[in-house]
Every structure is written in structure tokens, then in C-alpha cells.
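> Return atomic coordinates for the entry below.
(2 chains, ligands or ions: 1)
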Amino acid sequence: MPLSFYSTKLADAVNWARKYSLFQYPFVTACCGMEFMAVWAPKYDIARFGAEFPRFSPRQSDLLIVVGTITERQAPVLRRIYDQMCEPKWVMAFGVCASTGGFYQNYSVMPGADQVIPVDVYVPGCPPRPEQALDALILLQERIQRGEGHSQVVLKQERGFDVPLAAIRPTKMGTQGGVPNPPAEGRGGQSPPGPHATATRTGGK
Amino acid sequence: MAQVVLDKLRDRFPGGEILETGSQHGNEWARVAPAAWRQVAEFLRDDAATRMDMFVDLTCVDRSPREPRFDVVLHVYSVEKKHRVRLLAGVEERQPVIATLVPVWPGANWFEREAFDMYGVRFEGHPDLRRILMYPEFQGHPLRKDYPKEKRQPLVRRLPGSV
Ligand code: SF4
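Sure, this is the predicted structure:
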């Protein structure tokens, strides 16, 4: 059986696990937050989709949900939060402010979170209905399963795979002394589209 | 409603400190010579008939191309007498400076910082005149009419491909 068969099946399994265990980091800045609270509350209950925990630490979360208006002054904060998240990570822009800046066309509001961080799903509305957030989550889960999340794509480009396949890749791992997983520093990267992951993997002996 | 305040002001300052007074929709206003700004404010706070003990708002208006270009606008209210008045003072674009009212009403502190941030009017004697809403790297004063409406000054480099 070719190696690619196992790696595809393993990627499927890992992505299946990923899509049902999204830990969220809610970056709530404005009025959309009021509507977003309903997404967690019992009536809509995002926990049904496996996205149970709001983690208020970016280092423990997979899904950054940008909820509300992002001003130019907040942009460095948003960028730093994103940079602190471990890969693979996903981003949802909740509301028109986070998607495009909405009706704020002025000197102070950034026209969309995607000016400084990559965004996977956009949720329109001012504010969106909670159902739309659930719809977006389902869309995102489908993308995760297909391996099309932005950081999954980046990881694949950098390493050739986006799941820890080290254990079944003897040719690549042989020189690394049998380390079963990609080095930790490669996964807690500083900036997403950089060459850091490749560098830590191939830069050793 | 607050006609008594205007009458008091005219009695107390006959020397041209009060340039103009008026009343519109039941709201009284007085245009004050900028040099007498602090003096008039202190009088309004301390006089037994006016007792303006509550600072409500202080802001600025850009009236360009009129000269003087800026109007500093002050709203005060008397909790005891239940009357309010609006004071205006013109500020030149060439030298946009006016006396601070923080020693009169401490609540004016952040409002004057905001007027400075948005319009560039400096309040002489203010204890801490820094920007309050925009970041320190910001150039210019965004609510001036000659500031381009959508001129943004990003702090983070944009991702390639974003508009
Ligand atoms: S999209 Fe509307 S509800 Fe959401 S933060 Fe912007 S203005 Fe508020």
C-alpha cells in the first residue's frame, strides 16, 4: 500500500477531529458581541458543533472569531493575537465591520480584519443572526475537512503536509533522531506566511 | 429659561468680554472673547445666581473658511438652579490656543484632550494635553475639515492584495 494512501487517511482522520474540537478565541470589540453571546447561549448553542470552549488565551485556541469594529489603533493587537495562536488556525469575521469595515468609511476604522490577518469565513450582517454564525461554522468545518483552511494550506506548502505525519515518514524524519512530531517551535510560529516552519525542520543536522 | 444667566453675564462683564448673546428653542448661548474664557467660566461657577456646578460638555467646531476658524463650545448646567447655558469662543487657525478650564471643572480634562486630538486646539495650562482617541503616531487632526475623510494611517503593514 503506498504511503500516500495512509497519509490521506490520516489527514482525513485528523481533520475530522479538528473540525469537531474548535476552541474559539472571541475577539469582541463592539455591538456584534451582544448578538454573538446568543451563539453560545442555550438556544443556539455553538457547543452542539463541538466548538465548546471560548478560550481567552490565544495560545490555547484554534479559531479566532473577530466580532465587531476593528479600528486602526486595534490592528496591532489583533495581529499579535493572531500571531500568538498555534497552527493550524482559522479565522472567522463576524459582522460587516470585521469583514469590510461596514458603514464606517473614515480615518479611524480599518476596512476589514483581512487587512492585517487572513480570514477563512466572512459572516455578513449588522449584526448577523446567530444562525449565520452557526452556518459559517459549518462552512468552516467543511473547509477544515477538505484541508482548505488558510493555515492548513500554508502548512502544506511549507512542509508538504499539514498533519503531524512524521511517524509514517521515515525518509524525512530519519535524520531527526526519530522525533515523532514536528518541532514545537515550528508550530507556535510568529507570523503565518513566513518560512519559519521549514527552517526549523530542515535547519537542524 | 436661563435668561437670568445671560443678564448676569452682561451686568458683570460690560467691557466687551461678552461679544454676543442669543436664545434659540429655549437654549441660551453667549459668545465670549477668548481672552476672558477662564474668567467667565469661574464667574458662572461661583456666582450665587448662576451656580453652574456641573460641567456637561466641551467640544470644538471647525467653521472654515470663516475666521476665526474654530469655535470652542462649552455646555454647563446648574443642578441647584436647573438652568443651562452654552458658551462659545472663537479660536484663530494661526494660533489655536485658549485657556484650559480644568482648574474650574476637573471634568473638562478629557474633553479638552479630545478637542486637542480632533481639532488641534491647544488648551493652555492643561495638566496633561495628549491625544486621547487617536494613537500617538497619528499625524494631523482628523475632524478638521481639510483632513481627507478616508485618509488612514495604518500601524500594521497591510497584507498583500488588500484594498
Ligand atoms: S457590524 Fe454592525 S453590529 Fe456588528 S460591530 Fe459593526 S456596527 Fe456593530
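
> Nearest to the middle of the chain, which residue? Look it up for me.
You didn't say which chain, so I picked chain A. By CA atoms, centre = their mean, the mean C-alpha position of chain A lies nearest to residue A:90, the distance being 1.5 Å.

> other chain: chain B
Central residue of chain B (CA atoms, centre = their mean): residue B:72, at 3.2 Å.

> Residues of chain A that sit close to chain B?
Residues of chain A lying close to chain B (CB under 8 Å from any CB of the partner chain) are A:72-73, A:75-76, A:79, A:105-108, A:110-112, A:114-118. C-beta here means a position set from N, CA and C on the backbone, and glycine is covered the same way.

> Quick one, which of these are buried?
A:72-73, A:75, A:79, A:107-108, A:110-112, A:114-118 (16 or more other CB atoms under 10 Å in any protein chain shown).

> Which of those residues fall within helices?
A:75, A:79 (DSSP state H).

> Rebuild the buried ones among the residues of chain A next to chain B as a markdown table, extending it with pLDDT and distance to residue B:10.
Shown next, in a markdown table, are these (pLDDT from 0 to 100; distance: CB to CB, whole Å):
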| residue | pLDDT | distance to residue B:10 |
| --- | --- | --- |
| A:72 | 92 | 47 |
| A:73 | 93 | 45 |
| A:75 | 93 | 52 |
| A:79 | 93 | 57 |
| A:107 | 92 | 41 |
| A:108 | 92 | 42 |
| A:110 | 92 | 50 |
| A:111 | 91 | 51 |
| A:112 | 89 | 55 |
| A:114 | 89 | 59 |
| A:115 | 90 | 55 |
| A:116 | 92 | 56 |
| A:117 | 92 | 60 |
| A:118 | 92 | 65 |
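
> Which of the buried ones among the residues of chain A next to chain B sits closest to the ligand?
The ligand lies nearest to residue A:112 out of these, by CB to the nearest ligand atom, at 11.1 Å.

> The closest one contacts residue A:104, doesn't it?
No. In this structure residue A:112 lies outside contact range of residue A:104 using CB atoms under 8 Å: 10.6 Å.

> Report the buried residues of the top helix by length along chain B.
Counting residues, the longest helix in chain B under DSSP H turns out to be helix B:108-119. Going by neighbour count (16+ other CB under 10 Å), the buried part of helix B:108-119 is B:108-109, B:111-119.

> can you check stretch B:75-83 too?
Residues B:75-78, B:81, B:83 are the ones in stretch B:75-83 that count as buried (16+ other CB under 10 Å).

> Sticking with the closest residue to residue B:111 other than its chain neighbours, tell me its helix or strand.
Once flanking residues are discounted, residue B:111 sits nearest to residue B:58: 4.0 Å by CB to CB, 6 or more residues apart in numbering or on different chains. According to DSSP states H and E, residue B:58 maps onto strand B:54-62.

> on contacts alone, who are the packing partners of that strand?
Packing partners of strand B:54-62 (3 or more CB pairs under 8 Å, 6 or more residues apart in numbering or on different chains; DSSP states H and E): strand B:70-78, helix B:108-119.

> So what angle separates the directions of it and helix B:108-119?
10 degrees (axes from the mean of the first three to the mean of the last three CA atoms, to 10 degrees).

> can you list the weak-confidence ranges in chain A?
A:1-4, A:161-205 (pLDDT under 70).

> can you map out the strands along it?
Secondary structure of chain A (DSSP state E): strands at A:24-28, A:63-67, A:90-94, A:121-123.

> Adding distance to residue B:96, write the ones you listed out as TSV.
Below are the strands of chain A laid out as TSV (distance: least, CB to CB, whole Å):
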stretch	distance to residue B:96
strand A:24-28	38
strand A:63-67	38
strand A:90-94	40
strand A:121-123	43
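
> can you give me the end-to-end distance of stretch B:72-90?
6 Å (CA to CA, to the nearest Å).

> and for that stretch, what are the contacting residues?
B:1-2, B:4-6, B:27-34, B:37, B:40-41, B:44-45, B:49-61, B:68, B:70-71, B:91, B:98, B:101, B:105, B:115, B:121 (CB atoms under 8 Å, 6 or more residues apart in numbering or on different chains).

> Out of those, which end up buried?
B:2, B:5-6, B:28-30, B:32-34, B:37, B:40-41, B:44-45, B:50-52, B:55, B:58-60, B:68, B:70-71, B:91, B:98, B:101, B:105, B:115, B:121.

> residues in contact with residue B:92?
Contacts of residue B:92 (CB under 8 Å, 6+ apart): B:67-70.

> closest to residue A:28 among those?
Minimum distance to residue A:28 across the contacts of residue B:92 is 36.7 Å, recorded for residue B:70 (CB to CB).

> Who does that closest one form a beta bridge with?
residue B:62, residue B:91 (DSSP bridges).

> Which residue is the nearest non-sequential neighbour of residue 20?
Reading this off chain A. In space, residue A:20 comes closest to residue A:50 once its chain neighbours are excluded; the distance is 3.5 Å by CB to CB, 6+ apart.

> ah, I was thinking of chain B
residue B:31 (4.2 Å).

> got it, and residue B:87?
Once flanking residues are discounted, residue B:87 sits nearest to residue B:74: 4.5 Å by CB to CB, 6+ apart.

> before we move on, what about residue A:88?
Nearest non-adjacent residue to residue A:88, counting by CB to CB, 6+ apart: residue A:151, 4.4 Å away.
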